[in-house]
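[1] when you get a sec, could you give me coordinates for this:
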Amino acid sequence: MGYIQSSGPVLDFETLKVALERSKIFLLIFDERGEILKVSDNVPVYLKNLTNIFRIFPDFSNVIKRVNENGSSQDIITLHKPRTEKIKLLTFKAKEYYWTLGEVITEQLLIDEVITQKLETLTMYLEFAPVFFVVLNEKGEIAYVNSWTLEKTGYSLVEVLGKNWFDIFIPEDIKSIVKQVFNDIMNGRVELRKTFENDIIAKNGKTITVLWENKLLIKDGKPFGTISVGVDATEQKIRDFEEDILLSVLSATSETNYHDAISKLAKILEEECNIRKAVGRIQTREETKFLELLNKIEAYETDTYKVVTYERRLDEKILSLEMFYQTLPKYATERCLENIATVILNFIDRVYYVQKLEEASFRDPLTKLFNRRYFVMMLQAEIRRIKRYGGDSCVVMIDLDGLKQINDTYGHEKGDLAITTLAQVMMENTRNTDVCARFGGDEFAILLPNTPLEFAGLIIQRIIDKLDTLDIKEFRISISAGITKIQPSDDAEGVSVLKRADELLYKAKRSGKHTICIEGTEKQNNSYN
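    Model (predicted):
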């Protein structure tokens with residue numbers, strides 16, 4: 001019966017039958033009337049007992065027509081009985097008979113359809129899922145990025161496709177590290193399920209922190225690229241930073257001793273938030289008070305810093321906070337600063353009431369200056385701060401020259417006038433953050449935080465100059481002063497620094513009235529004798 005003749009050997013039915021018996025491909029031989037003459041053993045059961053191909057496959061006459069015209073025809077035909085099947089056919093004519101090679105592809109088509117649907121779903125997921133999906137070739141060039149990555153970074157596909165990932169997206173300071181991770185993945189030196197975190201740069205210059213998982217791509221046994229899937233960790237980093245800072249600030253401001261609280265708060269603001277200066281202000285109808293929390297800025301540097309101001313208006317007062325900085329930490333947002341400011345404003349309000357209570361018990365009744373007890377307490381707090389953070393702060397001891405002579409000559413009323421006048425001049429020529437105190441009788445002291453010796457000398461000279469301009473007919477107010485710097489080696493009680501200031505004061509008095517003696521410089525200013 002019919003055969004297939006090519007340039008090689010003759011293939012007859014028996015030869016093909018044996019060749020196809022383990023295959024999914026079956027064979028039908030039929031004549032021009034469609035009568036089936038031979039079938040291979042592996043033909044589907046529902047085709048074995050049928051005798052005419054036109055009864056099996058409707059409209060098969062069109063297939064025969066194409067075979068007669070073209071020599072062969074490839075078709076996929078749907079068979080509906082006894083069940084729906086998709087059958088792929090290759091039909092051709094060998095001598096007087098027609099040969100059809102067939103394969104049932106229903107299952108394969110269903111699998112292909114499922115795979116196609118899954119691929120479409122996967123593609124849609126990759127395009128719009130909120131993850132970074134990046135495919136790089138072995139050179140680190142971008143072979144594919146999904147739409148979400150482009151949207152987050154602000155680039156178009158044309159701008160990045162085929163470009164080097166590291167040159168476009170990786171910050172310069174970490175580029176070598178990230179490249180090394182890529183090389184380690186390509187060379188199999190990294191556990192693939194290990195996650196990596198690094199920043200990428202968006203088109204607008206902003207950084208995004210991404211947590212990556214990577215997959216090595218293998219082709220023909222050789223690495224040819226990587227697939228990286230990343231999630232945006234920036235918001236979580238921001239939340240973590242804000243929570244940690246707020247907990248630290250709350251802990252610091254909860255200290256019973258507000259001086260300790262200020263020291264801890266200053267450290268947090270400086271080290272964790274890059275704040276260089278923080279000053280609170282309380283404004284009432286009667287007064288305006290300042291609370292310096294931190295100051296690491298020289299006066300001439302202020303213009304080089306950014307400043308943010310937060311304010312809260314209450315019924316009887318206005319609270320405000322100014323914070324100076326040059327650059328904030330990466331994850332510090334405006335919201336974070338506002339929350340920090342809210343806590344600090346509450347703290348400032350509390351300190352204000354505590355200080356008002358302290359002032360009632362720590363004020364000298366005649367001059368309204370602080371008394372010795374309060375001065376020593378503030379001095380001890382400043383010594384603790386210097387020991388911890390360093391800096392320049394000074395102590396000034398002052399003696400009102402000739403107070404006994406004024407009392408003896410003009411009476412104690414004039415003596416009190418001399419004392420209160422000096423006190424007023426001291427307060428008018430010092431800052432709100434300085435501590436002016438009367439130690440008793442003719443002895444006074446000033447604590448000058450964050451003030452170098454030379455500036456302390458200028459402050460005292462300003463007080464002397466002001467005293468020289470006063471128009472008091474009976475007498476002239478004269479002072480002597482000794483100025484020393486607080487040292488980290490000073491004892492915590494303040495005894496050593498007060499002793500040094502006292503010795504400098506008496507050295508000034510011995511050298512003449514109206515004189516300043518500054519530690520180290522041996523400077524003496526005889527403004528008035």
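
[2] for the rest of this, base every contact and every neighbour count on C-alpha atoms.
    OK.

[3] Lys24: what's it in contact with?
    With contact set as Cα atoms under 8 Å, 6 or more residues apart in numbering, Lys24 has these partners: Asn42, Glu103, Val104.

[4] switch the cut-off to 7 Å
    Going by Cα atoms under 7 Å, 6 or more residues apart in numbering, Lys24 touches Glu103.

[5] same check, this time on Ala341
    If you count contacts by Cα under 7 Å, 6+ apart, Ala341 has them with Tyr310.

[6] again, 8 Å this time
    Contact analysis of Ala341 by Cα under 8 Å, 6+ apart lists Tyr310, Leu321.

[7] equivalent analysis for the one 10 residues further on, please.
    The neighbourhood of Val351, defined by Cα under 8 Å, 6+ apart, consists of Tyr258.

[8] and it, that's in a helix?
    Yes - counting by DSSP: H, G, I helix; E, B strand; the rest coil, Val351 is found in a helix.

[9] so how far is Ala266 from it?
    15 Å (Cα to Cα, to the nearest Å).

[10] over to Arg281?
    16 Å.

[11] the more surrounded of those two?
    More crowded of Arg281 and Ala266, by other Cα atoms under 10 Å: Ala266, with 24 against 20.

[12] ok so Ser23 is a helix residue?
    No - judged by three-state DSSP, Ser23 forms no part of a helix; its state is coil.

[13] contact partners for the residue most central in space within the chain?
    By Cα atoms, centre = their mean, the chain has its centre lying nearest to Tyr331, at 1.9 Å. Tyr331 makes contacts with Thr234, Lys237, Ile238, Phe241, as judged by Cα under 8 Å, 6+ apart.

[14] try it again at 6 Å.
    For Tyr331, the residues meeting the contact criterion (Cα atoms under 6 Å, 6 or more residues apart in numbering) are Ile238.

[15] ramachandran angles for it?
    Reported as degrees, to the nearest 10, the phi and psi values for Tyr331 are phi -100, psi 10.

[16] and the helix or strand harbouring Leu217, what's buried?
    Assigned by DSSP states H and E, Leu217 belongs to strand 207-219. Under the neighbour-count criterion of 16 or more other Cα atoms under 10 Å, strand 207-219 has Thr207, Ile208, Thr209, Val210, Leu211, Trp212, Glu213, Asn214, Lys215, Leu216, Leu217 buried.

[17] who's in contact with the first one?
    To tie it back to what came earlier, the one meant is Thr207. Thr207 neighbours (Cα under 6 Å, 6+ apart): Ile200, Ile201.

[18] what of the last one?
    Residues in contact with Leu217, defined by Cα under 6 Å, 6+ apart, are Pro223, Phe224, Gly225, Thr226.

[19] which of those residues are buried? Put it as a ChimeraX command.
    To isolate the buried members of these in ChimeraX, using 16+ other Cα under 10 Å:
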select :223,225,226
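
[20] which one of the contacts of Leu217 is nearest Ile170?
    Thr226 (16.4 Å; Cα to Cα).

[21] who does the host helix or strand of that closest one touch, helix- and strand-wise?
    Per DSSP H and E: Thr226 is located in strand 222-232. Helices and strands touching strand 222-232, as assessed by 3 or more Cα pairs under 6 Å, 6 or more residues apart in numbering; DSSP states H and E, comprise strand 132-137, strand 207-219.

[22] neighbouring strands - and their directions - for the shortest one?
    The sheet places strand 132-137 alongside strand 142-145 (antiparallel), strand 222-232 (antiparallel), with pairing taken from DSSP bridges.

[23] got those strands as JSON lines, with distance to Ala341 columns?
    Shown next, in JSON lines, are the strands paired with strand 132-137 (distance: least, Cα to Cα, whole Å):
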{"stretch": "strand 142-145", "distance to Ala341": "41"}
{"stretch": "strand 222-232", "distance to Ala341": "28"}
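
[24] in JSON lines, list those strands along with mean pLDDT and distance to Leu321.
    Formatted as JSON lines, these follow (pLDDT from 0 to 100; distance: least, Cα to Cα, whole Å):
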{"stretch": "strand 142-145", "mean pLDDT": "90", "distance to Leu321": "46"}
{"stretch": "strand 222-232", "mean pLDDT": "89", "distance to Leu321": "34"}
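
[25] so which of the ones you listed gets nearest Leu505?
    strand 222-232 (64.5 Å).

[26] pull the closest one out as CSV, backbone CA atoms only.
    Output of strand 222-232 as CSV, limited to C-alpha atoms (Å, rounded to 0.1, in the frame of the first residue of the first chain):
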residue,chain,number,x,y,z
LYS,A,222,26.8,30.1,32.7
PRO,A,223,25.6,33.2,34.6
PHE,A,224,24.3,35.8,32.3
GLY,A,225,22.6,38.3,34.6
THR,A,226,20.5,38.9,37.7
ILE,A,227,16.9,39.5,38.6
SER,A,228,16.4,41.8,41.6
VAL,A,229,13.1,42.4,43.5
GLY,A,230,13.1,45.2,46.0
VAL,A,231,10.6,46.9,48.4
ASP,A,232,10.7,50.5,49.3
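
[27] distance from the chain centre to it, please.
    25 Å (Cα atoms, centre = their mean, to the nearest Å).

[28] quick one: contacts of that strand?
    Contacts of strand 222-232 (Cα under 6 Å, 6+ apart): 131-138, 210-218.

[29] next helix or strand past it?
    Next along from strand 222-232, by DSSP H and E: helix 234-253.

[30] what are the buried residues along that next one?
    Buried, per 16+ other Cα under 10 Å, within helix 234-253: Thr234, Phe241, Glu242, Ile245, Leu246, Ser248, Val249, Leu250, Ala252, Thr253.

[31] and stretch 464-484, by the same measure?
    Buried, per 16+ other Cα under 10 Å, within stretch 464-484: Ile464, Leu467, Asp468, Ile477, Ser478, Ile479, Ser480, Ala481, Gly482, Ile483, Thr484.

[32] with stretch 22-37 instead?
    Result for stretch 22-37 [16+ other Cα under 10 Å]: buried residues Ile25, Phe26, Leu27, Leu28, Ile29, Phe30, Gly34, Ile36.

[33] what's the farthest-apart pair in these?
    That would be Ile25 and Gly34, which, of the buried residues of stretch 22-37, are the farthest apart (Cα to Cα) at 19.9 Å.

[34] and Ala360, which of the helices and strands packed on strand 222-232 is closest to it?
    Between the helices and strands packed on strand 222-232, strand 207-219 lies closest to Ala360; by Cα to Cα that is 53.1 Å.

[35] from the middle of its chain, how far away would that closest one be?
    Remark: strand 207-219 is offset 21 Å from the chain centroid, using Cα atoms, centre = their mean.

[36] strand partners (parallel or antiparallel) of it?
    strand 196-201 (antiparallel), strand 222-232 (antiparallel).

[37] for the ones you listed, give me JSON lines that also has distance to Ser72.
    Shown next, in JSON lines, are the strands paired with strand 207-219 (distance: least, Cα to Cα, whole Å):
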{"stretch": "strand 196-201", "distance to Ser72": "58"}
{"stretch": "strand 222-232", "distance to Ser72": "42"}
